[in-house]
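[1] I would like the atomic coordinates for the input below:
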Amino acid sequence: MPACLYRPAGRQLVAILVSLAIPLASAAAPGPVTEGGLDGEWAVTLRTEDGGRFPARLDLNGATGRWKATVHAQRNPCVGRQVAVQVLALDPSHAELVLEFDKALLGCQNVHLQLERVSRDEWRGQSQAVADIGAMTLSLRRP
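    From the prediction side, this is the model:
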């Protein structure tokens, strides 16, 4: 057979490999983009709309981690559970995280956090409104 019959198959193979590599590259997990990124342990202070103040811990490694607030609410069994965290977006000055309460207990609502970098070791932000609690402001500092 002539050699030209093999060229289209070679091009098709290259196209298939490239099409498989593009989604993998775009799915790369966000991670610390600068020194002092989000990786590691954080002491969190939560402030509710009614003036309540509560501590929590956040531990991140790349795009995943764990969250645990040290407060419990009798009306809301979701509060105070240790939950998984996903980093949805991260750049040097902004981060977006989701606390995956829905994976900890059936019926719990995930909580999205928007954070802004204040300094190398401090981030501040807020959550969307949560049932029985409302929106919260939060401050993250290295312990």
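[2] what residues are up against Gly134?
    For Gly134, the contact set (Cβ atoms under 8 Å, 6 or more residues apart in numbering) comprises Thr48, Glu49, Asp50. Yep, even glycine has a C-beta here, placed from its N, CA and C like the rest.
[3] At the geometric centre of this structure, which residue sits there?
    Centroid-nearest residue in the chain: Val87, 2.1 Å away (criterion: Cα atoms, centre = their mean).
[4] Just the element for that residue, please.
    strand 83-90 (DSSP states H and E).
[5] before we move on, back to that, leaving out sequence neighbours, find the closest residue to the residue nearest to the centre of the chain.
    What sits nearest to Val87 in space, not counting adjacent residues and going by Cβ to Cβ, 6 or more residues apart in numbering, is Ala63, at 4.5 Å.
[6] repeat for Ala129
    Excluding the flanking residues, the one nearest Ala129 by Cβ to Cβ, 6+ apart is Ala135, at 4.7 Å.
[7] in what helix or strand does Leu138 lie?
    Under the criterion of DSSP H and E, Leu138 resides in strand 136-141.
[8] How about Arg57?
    strand 53-61.
[9] quick one: strands adjacent to the following helix or strand past that strand?
    With elements assigned by DSSP H and E, the helix or strand that comes after strand 53-61 is strand 64-69. Strand 64-69 has the following strand partners under DSSP bridges: strand 53-61 (antiparallel), strand 83-90 (antiparallel).
[10] mind checking how far the last one is from the chain centre?
    In this case it means strand 83-90. Distance of strand 83-90 from the chain centroid (Cα atoms, centre = their mean, to the nearest Å) equals 1 Å.
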